[in-house]
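Enquirer: got a sequence here, can you model it:
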Amino acid sequence: METTNATSDMNKARSMGPIADIRDPIVETQARRGEKEARRRVVQASLRQSFDDLVALTWVPLQTLALRARLRLPRFPHVALARSDDQLEVDVELPGVEPTDLEVAINGSIMTIRGARQRQREKRVKDYYRLERYREAFERSIPLDLPFEPEKVSATLKNGMLQVRLPKGKGGTGKGPLRIAVRAS
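Expert: The predicted model follows:
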């Protein structure tokens, strides 16, 4: 019986013409709530995506820095390159590195500097003795963009500064990798 009443009410409204465009406030409120909910979901999804992008851009580098600090991973040594008319000069800051712990090699047009810095911290107190040893390994590759004379390449380590001199020439490295002996002075 309810269906008949609802149907008859709709038929009456249709028969009344355009004046009968009566809107139900409850239906309108629910429709508005649905629209607001849909807008809220869109804004929320947009904010979530923006936040995820922000986290992706900042969290990974911060996490890497934190991991590096926690693990005490080595940092690359500082390198300075200078080119003169007759040679290429490479200066590398290596405080605390001994010449025996250092390897300089040139393979093709890449010079690689490898080494390790060892430190030791000792603490003696009345009741205990503490000794900590650290070993930090590093490696740095430097592209060389000019031909040089392999037999005249020299490397010296003095006061924590490695100086590699590559005289300009017509050759290059020749065949295979070239190991350069590091002298202390």
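Enquirer: flag the shaky bits of the chain, pLDDT-wise.
Expert: Across the chain, the ranges flagged by pLDDT under 70 are 1-23, 27, 30, 54-76, 171-176.
Enquirer: would you mind giving the domain segments of it?
Expert: 17-70, 79-184 (automatic domain parsing).
Enquirer: which stretch among the ones you listed is buried most, on average?
Expert: domain 79-184 (a mean of 14; mean count of other CB atoms under 10 Å). Using the backbone N, CA and C atoms, a C-beta is placed for each residue, glycine as well.
Enquirer: end to end, how far does that domain reach?
Expert: End-to-end distance for domain 79-184, by CA to CA, to the nearest Å: 19 Å.
Enquirer: going forward, count from 436.
Expert: Will do, 436 is the new start, and the previous item becomes domain 514-619.
Enquirer: tell me where this protein has strands.
Expert: 514-518, 522-528, 537-542, 545-559, 564-578, 589-593, 596-602, 613-615, 617-619 (DSSP state E).
Enquirer: to R474, which of these lies closest?
Expert: strand 564-578 (53.9 Å; CB to CB).
Enquirer: for that closest one, output the C-alpha coordinates as PDB.
Expert: What follows is strand 564-578 as a C-alpha-only set of coordinates in PDB (Å, rounded to 0.1, in the frame of the first residue of the first chain):
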ATOM      1  CA  TYR A 564      92.200  -0.700  30.100                       C
ATOM      2  CA  ARG A 565      90.400   0.200  26.900                       C
ATOM      3  CA  LEU A 566      91.800   0.100  23.400                       C
ATOM      4  CA  GLU A 567      89.700   0.900  20.300                       C
ATOM      5  CA  ARG A 568      91.000   0.500  16.700                       C
ATOM      6  CA  TYR A 569      89.400   2.000  13.700                       C
ATOM      7  CA  ARG A 570      90.100   1.300  10.000                       C
ATOM      8  CA  GLU A 571      88.400   3.400   7.400                       C
ATOM      9  CA  ALA A 572      88.800   2.400   3.800                       C
ATOM     10  CA  PHE A 573      88.300   4.800   0.900                       C
ATOM     11  CA  GLU A 574      88.400   4.800  -2.900                       C
ATOM     12  CA  ARG A 575      88.200   7.700  -5.300                       C
ATOM     13  CA  SER A 576      88.200   7.500  -9.100                       C
ATOM     14  CA  ILE A 577      89.200  10.500 -11.100                       C
ATOM     15  CA  PRO A 578      88.800  10.800 -14.900                       C
END
